[in-house]
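[1] could you look at this predicted model? Sequence included:
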Amino acid sequence: MDKSNVNRLRAYGNQLIACHHHLLEMIDEIRAGDGDGVAFCAALTRHHTGEDATVFPVLAGRHPELREFLDSLARDHAIIAGMVKDDMTREELDGLTAVLETHFIGEEKRLVAVLNALEPTPRLDGVIDDAGS
């Protein structure tokens, strides 16, 4: 395996963490009055839609023991989608942030090592980090 593939192997889980950090930074910018709620909503939707349509099926196929957990993450995505609005009150944003932080921590704990162990595949390239980061 050449060096670029070794780096790619380790990248998917790391990309997930970076994407989550970027999304939380976008929320911080919204709170500070410098952020764009529409851009955040679009980035979060792209990220979760990509996970549901591409990443989770790949992981479920290769790691059947994760299927129940992946299903729970997809259910979280549906709940989160119902919470997201372009223009949110401070309280709504605080609630969304708490839910996202919990969701991201759980997802990272269970999936980063699994993602980092995956062989490179064009099917996943660009999907995990597709949050505008």
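    Perfect, I can see it now.
[2] quick one: pLDDT of residue 101?
    Listed pLDDT for residue 101 reads 98.
[3] in the protein, which helix or strand is least confident?
    helix 3-31 (a mean of 81; mean pLDDT, DSSP states H and E).
[4] tell me what angle the helix or strand just after that one forms with helix 3-31.
    Using DSSP states H and E, the helix or strand that follows helix 3-31 in sequence is helix 37-50. Our comparison of helix 37-50 with helix 3-31, counting by axes from the mean of the first three to the mean of the last three CA atoms, to 10 degrees, yields an angle of 140 degrees.
[5] okay, and for the protein, where does confidence drop off?
    For the chain, applying pLDDT under 70 flags the ranges 1-10, 122-123, 125-133.
[6] from residue 64, how far off is the residue nearest the centre of the chain?
    Nearest to the geometric centre of the chain sits residue 47, at 5.2 Å (CA atoms, centre = their mean). Distance, residue 47 to residue 64, using CB to CB, to the nearest Å: 24 Å. Every C-beta, even on glycine, is put in place using the N, C-alpha and C of the backbone.
[7] what do you get for residue 85?
    36 Å.
[8] neighbour count winner among those two?
    Using other CB atoms under 10 Å, the more surrounded residue of residue 85 and residue 64 is residue 85, with 12 against 9.
[9] quick check: which element contains the more buried one?
    Here residue 85 is assigned to no helix or strand, by DSSP H and E.
[10] that one reaches residue 92, doesn't it?
    Yes - shown here, residue 85 and residue 92 form a contact pair, counting by CB atoms under 8 Å, at 7.0 Å.
[11] my guess is residue 37 contacts residue 88. True?
    Yes - using CB under 8 Å, residue 37 is in contact with residue 88, at 6.6 Å.
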